[in-house]
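**Q** Could you work out the structure for the sequence below:
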Amino acid sequence: MTNSMDDVKPNLDELIAVVVKAVASAYQTQELDNALVIRDELKRLPDHLTTEVLNGVILSLVNTDPDLCRWFILDIFLHGSDPEGRADVAERINLLMADLNTQQDV
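**A** Okay, the predicted model is just below:
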């Protein structure tokens, strides 16, 4: 029996939802240790899954709480990363926010 992406997608969506909820909780309580645990656990995933989950988290948080998105992705997840890479991700978040604002204005 082979796993198709259709089989994996619901589990991935569920994982993204759980991560978003955990990140929001860590942010509300300002529990930096909890945010770092979330980061460390995400980094244990295979690279392609980490990318998929982070993309989903970014898309979800940009729509609901852009400040939370920036905090977790830039300040927590990418802490200590290459400044150029962080700048690229920050620009991507800004573009997603601008696109969202444009869609809301229509």
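**Q** what residue ranges in this protein score low on pLDDT?
**A** Scanning the chain for pLDDT under 70 picks out 1-10, 105-106.
**Q** How far does the helix or strand where N55 lies sit from its chain's centre?
**A** Element membership of N55, judged by DSSP states H and E, is helix 47-64. Put simply, helix 47-64 sits 4 Å off its chain's centre (C-alpha atoms, centre = their mean, to the nearest Å).
**Q** repeat for stretch 42-53
**A** Counting by C-alpha atoms, centre = their mean, stretch 42-53 is centred 11 Å from the centre of its parent chain.
**Q** now the end-to-end length of it.
**A** Criterion C-alpha to C-alpha, to the nearest Å; first-to-last residue distance in stretch 42-53 is 8 Å.
**Q** picking up where we left off before, which parts of the helix or strand just after the helix holding N55 count as buried, going by neighbours?
**A** For helix 47-64, the following helix or strand on the C-terminal side (DSSP H and E) is helix 66-70. Residues of helix 66-70 classed as buried: 66, 68-70 (neighbour count, 16 or more other C-beta atoms under 10 Å). (Each C-beta comes from the backbone N, C-alpha and C, glycine too.)
**Q** between those residues, which is closest to D33?
**A** L68 (17.2 Å; C-beta to C-beta).
**Q** pretty sure the closest one contacts V23?
**A** Yes: in this structure L68 lies within contact range of V23 using C-beta atoms under 8 Å: 6.7 Å.
**Q** Overlap of the contact sets of the two?
**A** By C-beta atoms under 8 Å, 6 or more residues apart in numbering, L68 and V23 have these common neighbours: L61.
**Q** Give me the longest helix you can find in the chain.
**A** If each helix of the chain is counted by residues according to DSSP state H, the longest one is helix 5-29.
**Q** Just want the most central residue of the chain.
**A** For the chain, the residue nearest the mean C-alpha position is V57 (3.0 Å; C-alpha atoms, centre = their mean).
**Q** Measure how far stretch 13-27 is from the centre of its chain, please.
**A** The answer for stretch 13-27 is 9 Å, by C-alpha atoms, centre = their mean.
**Q** Buried residues in it, which are they?
**A** Neighbour counts using 16+ other C-beta under 10 Å place 15-16, 19-20, 22-24, 26-27 of stretch 13-27 among the buried residues.
**Q** Alright, calling it a day.
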